[in-house]
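Enquirer: next comes the sequence, and after it the predicted model I'd like to discuss.
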Amino acid sequence: MSTTEAPSNGRHAMGKSMKRKEDARFISGRGRYVDDIVLPNMLYMAIVHSAYPHAKITKIDKAAALATPGVLAVITAEDLAGVGLAWIPTFHGYDKQMVLAVGKVLYQYQEVAAVVATSRAAAADGVELVEVEYEQLQPVVDPFVAKTDATLVREDRENKTNHIYHWEVGKRDEATAAIQGSDVKINERVYFQRCHPAPLEPCGIVADMNPETGCLTLYMTSQAPHAHRTVVSLVTGIPEDKIHVISPDLGGGFGNKVPVYAGYVCAAVASIVTGHPVKWIETRTENLTTTGFARDYHMDVEIGATKEGQVTGLKVTTVADHGAFDAAADPTKYPAGMFGICTGSYDFPIAFTELDAYFTNKAPGGVAYRCSFRVTEASYAIERGMDMLALALGQDPADVRMKNFVKKEQFPYASPLGFVYDSGDYHTTLQKALDKIGYKELRAEQAEKRARGELMGIGLSTFTEVVGAGPSKHFDIMGIKMFDSAEIRIHPTGAGIVRAGTKSQGQGHETTWAQIVAEELGLDPQNLLVEEGDTDTAPYGLGTYASRSTPVAGAALAMAARRVREKARNIAAHVMEAPLDDVEWVDYKFQVKGVPEKTVTMKEIAFAAYTNPGPNEPGLEATYYYDPPNLTFPYGAYIAVVDVDKETGETNVRRFLAIDDCGTVINPMIVEGQIHGGLTEGFAIAFMQEIAYDAEGNNLQPNFTEYLVPTSLESPHWETDSTCNPSPHHPIGAKGVGESPNVGSPAAFVNAVMDALQPLGIKSIDMPLTRDKVWRAIQEATAKT
Amino acid sequence: MNLEWKGHEEVGAAKDRLWAFINDPLNVANCVPDLVEATVQDPHHFEAIVSVGVGPVKGKLKLKIELDPQADGNRMNMKISGGGLGSVVDLLAGADIKDNGDSTTSLDWSGTATMRGAIATVAGRVIDAQALRVITTTFANVREKCASSSG
């Protein structure tokens, strides 16, 4: 076994920093992405987009495009209507969305037509020659303006309003009364800007309809291949057995590759009509302007507390901007996702949260960008709120947090907004962070610097996530329960194949899934081949997003392995000629009770399963569909230390410490890598990234020259550590970690900058905290004094 | 993205000659820098294809141009609309013409434009200066070509 550390933790395969099995393929350039797929007689597709954010389409003239050499077809909504595909249901099925613009465009860059040609260049040329005439309409890009219904975005809907839905949970009157009766109260608006997952590989598809077999094969950038297969079957009427979805290597996803996009549908239709494979690969601009964005929540946070600093109540009131369609990626019963986690790590006696969502002339989305559904927004609201409360109290933000944490002995903890937190020890984790970073010394240094007029800040974020959707009694997508699955086949030599309903996009499933199974069976993880992403071979699963893979599929793997082990125990009893009740699993081998020298390994049992199974059914394999009894609740304590240059507004993140508690760790190296990646994304969100629209509805960040991605030059040095409170209900105690750093870090960065600016009386600046925004705030604050 | 410009030219030609010059769509078209092709439709309308290179945005715009001479002969309005490169441009321009009484003419021009799409965003930081260059060059060309034209 290749490991970067000695197997000293007493475990066979888990908890070890085994090098990623998939990396040999990626490092040597042997990764196979959708755009690497080339099929005989393949055609190419490109898309015509609207430059207008809101306009009636008065004419689409295909003639010049069709006259372009190589162009074979131009598809419009009218053509799609002919096959019943002008509209498709959105993620949770409560709304529908245009595939190509039907009658009018609702946001800038909306897809208007698709050009199919014999080459990528010819398709691009054809796009330039599709003439679309528009009659401009007034756009509405601000959800607070959309509330007035002065401009109606969705005339197609029965209800002539931009209001999409109202959602609430908790006790409104009691929470309001508790806050009003408190010694100290804060009421602040925090905005989590519209941002974008921006995976390095954009979306794409090769659709291949075989006219002879009637089988439609879709090679596509999919985080949820089975769900996509079912959706395609439901909306097209093609039997599900005739649809084969293959999601090859993915260059990142972060929630962006969960929804169904216009390019997928048009390519499939083009292949069905032409009988040729059709490839569509997004440009960067298409990815940033049309595919699922994240966040865009305006949140009013109210907290009440005693003068000693004990919280008494919480209210969070949110206005959500969903863009032109309600395409937010949330489970059916949770239109605002798991925003109810907004009580965070704190023991609020009473709480209430409500949310109203609106249509605007902006791209649709609301995907779970590296977070469980809407958890990042909730975490940001409460963590900013707790810092504002500490400021109002005149107390240290660490002290206020310590006073209000849910205590270890309170777990399982029922929050006032309906979640039952499974486990945690928040005090210990924060204390570890404070000690490790030298919090007292930093505060002393800050006092000295403030005396000299220098701006130094320390920001905390002690977040709790809720992940692992989810228990079938509550969680489904379009009616399909959010279980997940695993299938294990052990070969005669003790090697095996492991298949799961998930789909790695860089998380390292080929390694960690092998480690889980190897741990349960005492086998070598190097000889366990992990396969995902092929609907013809993998068991049905809901895919990888919202930190659900390890909490759900990881559990399914462990349970399937235990089924294999139980069957193996029967064969072991036969091989060792012992009663079944006397055969036990000890130290990764079967042993006869009381006879420690009489053992047999799993590898030996694997051979026996095919050569000498005795009275048992031959073979050694199992499948398990895992329906989690609860969600899992990873958490962390993050501390950022920043220096802000008063003259330029430049923020230097001097230190950043992340203490994560994700329960049982499968591979520490991969966890550390996940945390580094998530922190870097959180840093980008806090300081660099926003998909902003001007008043005319222009998307101002349609490419990487405007929507900035941090490199190693900009990224701070990350310090990481952990505590471990395993989930009590998960078979191996794992909680999930990939999204924690993205969830927890933005608030730490912003709290640090606000702490630095506190002597100037600046309480809040909306992300991203660009240097010009910070500089202007400093200038305005200085001018007042 | 909304942009506004204005400027002034002194044309070494009498007012009547300048008026006649700018009432000919082909003349106006030939004053547009980076013109690839112009098609005159009638005395007040022509289509122009111009090449554009603004930051990373490079390609051609297809524009419809309407000349709207005012009856008093002192002002020419111009409406330009079109697009390409995933962008649309709507521009309203006007020029006030004043006889200086010495066989020269003052030309005060102004324009407002609305741009959407890649031109407004990808090239947003430099578009103002680039557009100003195009429009000032156009009127400078009017000055030069009119002054050197026969008549």
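Expert: That came through fine.
Enquirer: list the buried residues for stretch B:9-26?
Expert: Residues of stretch B:9-26 classed as buried: B:E9, B:V11, B:A13, B:A14, B:K15, B:R17, B:L18, B:W19, B:F21, B:I22, B:P25 (neighbour count, 16 or more other Cβ atoms under 10 Å in any protein chain shown). Heads up, the C-betas are built off the backbone N, CA and C, glycines and all.
Enquirer: can you lay out those residues as a markdown table showing secondary structure and pLDDT?
Expert: Shown next, in a markdown table, are these (DSSP: H, G, I helix; E, B strand; the rest coil; pLDDT from 0 to 100):
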| residue | secondary structure | pLDDT |
| --- | --- | --- |
| B:E9 | strand | 94 |
| B:V11 | strand | 95 |
| B:A13 | coil | 94 |
| B:A14 | coil | 94 |
| B:K15 | helix | 95 |
| B:R17 | helix | 94 |
| B:L18 | helix | 95 |
| B:W19 | helix | 95 |
| B:F21 | helix | 95 |
| B:I22 | helix | 94 |
| B:P25 | helix | 93 |
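Enquirer: and chain B, which residues reach chain A?
Expert: Contact residues, chain B versus chain A (Cβ under 8 Å from any Cβ of the partner chain): B:1-2, B:56, B:59, B:83-88, B:114, B:116-118, B:120-122, B:124.
Enquirer: now restrict the residues you listed to buried residues only.
Expert: Buried by 16+ other Cβ under 10 Å: B:1, B:83-88, B:114, B:116-118, B:120-122, B:124, out of the residues of chain B next to chain A.
Enquirer: which of these has the weakest pLDDT?
Expert: When those are sorted by pLDDT, the bottom entry is B:G124 at 64.
Enquirer: that older thread, which pair of the buried residues of stretch B:9-26 spans the longest distance?
Expert: B:A14 and B:P25 (21.0 Å; Cβ to Cβ).
Enquirer: so what does the residue nearest the centre of chain A look like in phi/psi?
Expert: In chain A, the centroid-proximal residue (Cα atoms, centre = their mean) is A:R370; its distance is 3.0 Å. Backbone torsions for A:R370, taken as degrees, to the nearest 10, come to phi 50, psi 40.
Enquirer: now A:D326
Expert: According to degrees, to the nearest 10, A:D326 has phi -90, psi 70.
Enquirer: my guess is it contacts A:G365. True?
Expert: No. Using Cβ atoms under 8 Å, A:D326 is not in contact with A:G365; the gap is 10.1 Å.
Enquirer: tell me which of the two has more neighbours.
Expert: A:G365 (29 against 26; other Cβ atoms under 10 Å in any protein chain shown).
Enquirer: checking the nearest residue to B:D128 once chain neighbours are set aside next. Helix, strand or coil?
Expert: Leaving aside its sequence neighbours, B:D128 sits nearest to B:L3 (Cβ to Cβ, 6 or more residues apart in numbering or on different chains; 5.7 Å). Here B:L3 is recorded as strand under DSSP: H, G, I helix; E, B strand; the rest coil.
Enquirer: return the closest of the buried residues of stretch B:9-26 with respect to chain A.
Expert: B:P25 (21.6 Å; Cβ to the nearest Cβ).
Enquirer: residue contacts, the closest one?
Expert: B:A38, B:V40, B:P43, B:H44, B:H45, B:F46, B:I65, B:L67 (Cβ atoms under 8 Å, 6 or more residues apart in numbering or on different chains).
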